[in-house]
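J.: for reference, the sequence and a predicted model appear below.
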Amino acid sequence: MPDLDSVVREISEEMAARADRGAVADYIPELAHVDPGRFGLAVIDADGRLSAGGDSETLFSIQSISKVFTLTLALGMVGDRLWKRVGREPSGNPFNSIVQLERERGVPRNPFINAGAIAVTDVILSGHEPREALGEILRFMQFLAQDQTITIDATVAASEKRTGFRNTALANYMRSFGVIENPVDYTLGVYFHHCAIAMTCRQLAAAGRFLAHNGRNPSTGHSVVSPERARRINAIMLTCGHYDGSGEFAYRVGLPGKSGVGGGILAVAPGRASIAVWSPGLDEAGNSHLGRIALERLTQRMGWSVFGA
């Protein structure tokens, strides 16, 4: 088996030297200012050892990666009843498309496109004040990462709220079908804020460890979800985690993963490691350009693809 520290260091150096970096998500004003030259990679193996390179200690906006954790929370609250309000199939459409939602009578195709994540957020909000629901999400992230310093970037959240017209349209359309049950402004407020959680690659890799180890953090012994639920969340990450680029990611990387337009990707090598990569430049599907390339090289060199070495 190749030395993980050496592989991570080599990949970080290779990515730093590349000129093709993609384009930052300039439709969210605060993200438009992020330096596309940044790159970070962190891998935490089954024994809890950290291998990191590049800007792995730089905070970035996790954006849609938060949807993995809100899905986990919502399933813990309502179980399989959640699937009456959101599907589990790949969308094949952009993450903020309203066309598919209209054809399917307000039920989002999966929990990782924007409409689906808004519906999941609405489930978490039910019976709570927005501040309470948001606090529960943030505490869950802090618990998973074993790091109480994780916070929400209020400037990014405000920036998303000011420009989130399409998300507002998606939420109102779902409300018309009864998929959204709470006031739209409340649900969207919680949604914009949990997408604005700021983390480092190290923190994000730590938070995702339970998905790599049958629902349990092997270092703390904490059971987060059942092994069956962990497998099913991983399955949705593999098929839906990169919007209409999910097939390409599965083909090239071969791991469950979830991207965010902040340039981050959380990936899971079952039984082996939790991986977080960050490079702000995006490809045409809205996924980190260098992040995907780095993960492809990592799985090739370590033999970690779920489809075989």
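T.: The structure has been received and is ready for your questions.
J.: buried residues in stretch 292-302?
T.: Using 16 or more other Cβ atoms under 10 Å as the test for burial, stretch 292-302 gives 292-299, 301-302. From N, CA and C alone the C-beta is placed, and that goes for glycine too.
J.: quick one: distance of it to the chain centre.
T.: 18 Å (Cα atoms, centre = their mean, to the nearest Å).
J.: which outside residues touch it?
T.: 1-2, 4, 7-8, 11-12, 14-15, 18, 39, 41, 43, 242, 248-249, 252-255, 257, 265, 267, 269, 272, 275, 277, 279, 283, 304-305 (Cβ atoms under 8 Å, 6 or more residues apart in numbering).
J.: now stretch 45-56
T.: 4-5, 7-9, 11-13, 15-16, 38-44, 200-202, 205, 212-213, 218-219, 271-273, 278.
J.: and these, which of them are buried?
T.: 4, 7-9, 11-12, 15, 38-44, 200-202, 205, 212-213, 218, 272-273, 278.
J.: among those residues, which ones are in strands?
T.: Residues of those located in strands (DSSP state E): 40-44, 273, 278.
J.: closest to residue 162 out of the residues you listed?
T.: For these, the residue nearest residue 162 by Cβ to Cβ is residue 278; the value is 24.2 Å.
J.: and that closest one, how close does it get to residue 240?
T.: 21 Å (Cβ to Cβ, to the nearest Å).
J.: swap in residue 298?
T.: 21 Å.
J.: which other helices and strands contact the least confident helix or strand in the chain by mean pLDDT?
T.: Least confident element among the helices and strands of the chain, by mean pLDDT, DSSP states H and E: helix 99-103 (a mean of 85). Secondary-structure packing of helix 99-103 (3 or more Cβ pairs under 8 Å, 6 or more residues apart in numbering; DSSP states H and E): helix 165-176.
J.: hmm, 6 Å instead?
T.: With contacts defined as 3 or more Cβ pairs under 6 Å, 6 or more residues apart in numbering; DSSP states H and E, helix 99-103 has no helix or strand neighbours.
J.: so for it, what gets flagged as buried?
T.: 100-101.
J.: which residues does the following helix or strand past it contact?
T.: Downstream of helix 99-103, the next assigned helix or strand under DSSP states H and E is helix 114-125. For helix 114-125, contacts defined as Cβ atoms under 6 Å, 6 or more residues apart in numbering pick out 67, 70-71, 73-74, 78, 85-86, 95-96, 101, 108, 110-111, 133, 167, 170-171, 179-180, 182, 187, 190-191.
J.: how far does helix 114-125 sit from the chain's center?
T.: Using Cα atoms, centre = their mean, the offset of helix 114-125 from its chain centre is 14 Å.
J.: residue 291: how many residues sit nearby?
T.: Close neighbours of residue 291, defined as other Cβ atoms under 10 Å, add up to 31.
J.: I'd say it and residue 265 touch.
T.: Yes: contact criterion Cβ atoms under 6 Å: residue 291 and residue 265 qualify, at 4.5 Å.
J.: identify the residues contacting the residue nearest to residue 87 when sequence neighbours are not counted.
T.: Among residues not flanking residue 87 along the chain, residue 109 sits closest, at 5.0 Å (Cβ to Cβ, 6 or more residues apart in numbering). Residue 109 makes contact with 87, 89, 91, 100 under the criterion Cβ under 6 Å, 6+ apart.
J.: now that we have the residues you listed, which one has the most neighbours?
T.: residue 91 (21 neighbours).
J.: distance of that one from residue 176?
T.: From residue 91 to residue 176 the distance is 20 Å (Cβ to Cβ).
J.: likewise for residue 208?
T.: 35 Å.
J.: pick out whichever of these two has more residues nearby.
T.: Set residue 208 next to residue 176 and count neighbours by other Cβ under 10 Å: residue 208 wins out with 27 against 11.
J.: which non-adjacent residue is nearest that one?
T.: residue 274 (4.2 Å).
J.: just say helix, strand or coil for the one residue sitting closest to the centre of the chain.
T.: For the chain, the residue sitting closest to the mean C-alpha position, by Cα atoms, centre = their mean, is residue 65 at 1.5 Å. Classification of residue 65 by DSSP: H, G, I helix; E, B strand; the rest coil places it in helix.
J.: ok, the residue nearest to it when sequence neighbours are not counted - how many residues close by?
T.: Setting aside the residues directly before and after it, residue 65 is nearest to residue 260 in space (Cβ to Cβ, 6+ apart), at 4.3 Å. If you count neighbours by other Cβ under 10 Å, residue 260 ends up with 28.
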